[in-house]
Structures are given as C-alpha cells and as structure tokens.
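Trainee: Here is a sequence together with a model predicted from it:
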Amino acid sequence: MRNTVIDEIRKVELKDPVLIEGLPGLGMVGRIATRYLAKQLKAKPFAKLFSPHFPYYVLVNRKGGVRLLHCLFSFWKNKAGKHDLIFLVGDSQAQTIEGQYDVADSILDFAEKHGVRTVITVGGFQKEAEEKPKVVAVSTDSALLSKALKAEAVTSPSGNPIVGTAGLLLGLTRFRKMNALCLLGETRGYLPDPNAAKSVLTVLQEILEIRIDTGDIDKEIGRAKKVVERMEKIAKERETNALKTREVEERKVTYIS
C-alpha cells in the first residue's frame, strides 16, 4: 500500500450529513465521545480508511486473527431532523506531517463526495479540569461558534494550537465549501478521560438537537476515577518512602580516619 485508500463496504444516500471526527489524541477524548455517540445511535459502518501513514503493526483479535490499523466511517439517519450524521473513529492518527495532511485530505474528499457541508472535530484540551470539565470551541463560522457557546462551550485562548487531525480538518475546510467546528474537552491528558468526553457529548447534543442515554459513560467515569485515585495513592506512598529513605541517610554518621 503506497497511498491512503477508503474502501466503501456499502453505498448510502444521506441527507445533508454532518461529519463528526474523533481519532485518538489527548486523553482519548475525541475517540471516547465519538464512539459513544455512534454506539448510542446505533450507527452503521459503511467505509474504512487505510493508510501507509499509520503505525506499522497489526492488531490481533481474540481468535488469533489480525487486521491493519484503520479508521471507520459509520452513518446514522436522523429521521426527525435536518441532518444525518457520519462518524469517523479509528485506531490511530498519521505519524508524520505529510501523512497528517494526506489522511486529512482523503477524509475531506470522502466527506465532500457524500454531501458534507459541516465538519465537527473532537479532541482534548490539556488543563487541570474542575469536577465538570469545560469544552473549548473553535470554528471557521461565527454562526456555528455561537451555537456551541449557547450550548455552554467557551472560547479558546488566542494563539492556542490544535494539533493533529482535529486541527487540520478545521483548517483545510477553508479550501472547500464547508464549515467546521472543533470541540475540545479539558483533560489532564495522560489517561483516557470519559469525564471530559461526557462534557463534549453534552455540548454536541445541544448543537445536533439530539438526546442520548449517558448512563454507560457515567459508569466509565466511575471506573476512571478509581484508577486515578489508585495512582495518586501509589504516588503518595512512593513520596513518603522516598522521604523516609532521605531521613535515614541524613541520620547516618560517616567517620573518616
């Protein structure tokens, strides 16, 4: 494989669809939020993106089979609203600068082919968040940004870089007849953060005018909280042991004859 390719596994006709992208990144916020929304809406797969710019290994399943890393497009038909939805989730982002641009262009080509005029990208914003993480919104369109702010998102600090696919898709839509919105959930970033993902989902529901059950992600938040508490406990124990070791060393008396 020398080029990024998209394999359509089924043909679909969609109504003014909105593309929602959530690839792995800071705190896995984008991936968690987008996968959860797609799962709750029972979105159906219809295309896979493969690229030589993804890491060079395969994933092994429980039966001993293997598969290449890829991104998955799925769709949901919104019978009650104006826009159907296309979701993009995946195993990885491209590993080089050139690869990032190639994959982003391929995504937008595919989106354009299916009539997408609005792209929403989701990711993480590194910050020590409060109990309820805020959602930072950036957009190429003032009306779209206003919609996000009405849903209780906040504006981004000036000069803030948005790295990776979430940022590139936002920037590259200017060369196409598309508008784009980026939603970033506040997260520490070093562990998967379902709490930040839930904040993003709250904003997304308002923007898209849909409602989903968040019960399962609340369970994930509870499990993640326990992991953080265990890590903090271990860190404190190590700090205490290191302090005791220093105290013992300081009490030692060395005689030089």
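Mentor: Thanks, I have it.

Trainee: Looking at this structure, which helix is longest?
Mentor: The helix that spans the most residues within the chain, counting by DSSP state H, is helix 215-251.

Trainee: by contact count, what packs against it?
Mentor: For helix 215-251, the contact count by 3 or more Cβ pairs under 8 Å, 6 or more residues apart in numbering; DSSP states H and E identifies helix 29-40, helix 194-208 as packing neighbours. C-beta coordinates here come from the backbone N, C-alpha and C atoms, glycine included.

Trainee: wait, which of those helices is closest to A148?
Mentor: Distances from A148 to each of these were compared by Cβ to Cβ, and the smallest falls on helix 194-208, at 6.1 Å.

Trainee: Now do that closest one against helix 29-40, angle only.
Mentor: Angular relation of helix 194-208 and helix 29-40 on a 0 to 180 degree scale: 60 degrees, by axes from the mean of the first three to the mean of the last three Cα atoms, to 10 degrees.

Trainee: Distance from helix 194-208 to the middle of the chain?
Mentor: Taking Cα atoms, centre = their mean, to the nearest Å, the mean C-alpha location of helix 194-208 is offset from the chain mean by 12 Å.

Trainee: Mind checking the pLDDT average for it?
Mentor: Averaged over helix 194-208, pLDDT sits at 96.

Trainee: Any buried residues in it, and which?
Mentor: 194-204, 207-208 (16 or more other Cβ atoms under 10 Å).

Trainee: Ok, stretch 87-101 next?
Mentor: Buried positions in stretch 87-101, judged by neighbour count with 16+ other Cβ under 10 Å: F87, L88, V89, G90, D91, S92, Q93, A94, G99, Q100.

Trainee: Serialize the residues you listed to CSV and add fields for secondary structure.
Mentor: As requested, these are arranged in CSV below (DSSP: H, G, I helix; E, B strand; the rest coil):
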residue, secondary structure
F87, strand
L88, strand
V89, strand
G90, strand
D91, coil
S92, coil
Q93, coil
A94, coil
G99, helix
Q100, helix
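
Trainee: Going by distance to L59, which of the residues you listed wins?
Mentor: Using Cβ to Cβ as the measure, the one of those that approaches L59 most closely is D91, at 6.9 Å.

Trainee: Report the contact partners of the closest one.
Mentor: D91 makes contact with P24, F54, L59, L69, H70, C71 under the criterion Cβ atoms under 8 Å, 6 or more residues apart in numbering.

Trainee: And G25, how close does it get to R174?
Mentor: Separation of G25 from R174 (Cβ to Cβ, to the nearest Å): 22 Å.

Trainee: Pick out the most distant pair among the buried residues of stretch 87-101.
Mentor: With distance counted by Cβ to Cβ, no two of those lie farther apart than F87 and G99, which are 21.7 Å apart.

Trainee: hang on, the earlier thing: compare neighbour counts for G25 and R174 and give me the winner.
Mentor: For G25 against R174, the residue with the higher neighbour count under other Cβ atoms under 10 Å is G25, and the figures read 23 against 10.

Trainee: count of residues packed around the closest residue to the more buried one other than its chain neighbours?
Mentor: Once flanking residues are discounted, G25 sits nearest to G123: 4.8 Å by Cβ to Cβ, 6 or more residues apart in numbering. Using other Cβ under 10 Å, G123 has 30 neighbouring residues.

Trainee: i'd like the first residue to be 453 from this point on
Mentor: In the new count, where the first residue is 453, that last one comes out as G575.

Trainee: where does G575 fall, helix, sheet strand or coil?
Mentor: The local conformation at G575, judged by three-state DSSP, is strand.

Trainee: That one: what's it in contact with?
Mentor: Contacts for G575 (Cβ under 8 Å, 6+ apart) come out as 474, 477-478, 481-482, 614, 616, 618-619, 634-637.

Trainee: Just the ones of the residues you listed in strands?
Mentor: G474, C634, L635, L636, G637 (DSSP state E).

Trainee: of those residues, buried ones?
Mentor: Buried subset of these (neighbour count, 16+ other Cβ under 10 Å): G474, C634, L635, L636, G637.

Trainee: how about the strands in the stretch 503-652 of the chain?
Mentor: With strands called from DSSP state E, counting those that start in this stretch, the stretch 503-652 of the chain shows them at 510-512, 518-520, 523-528, 537-542, 570-578, 587-591, 606-607, 631-639.
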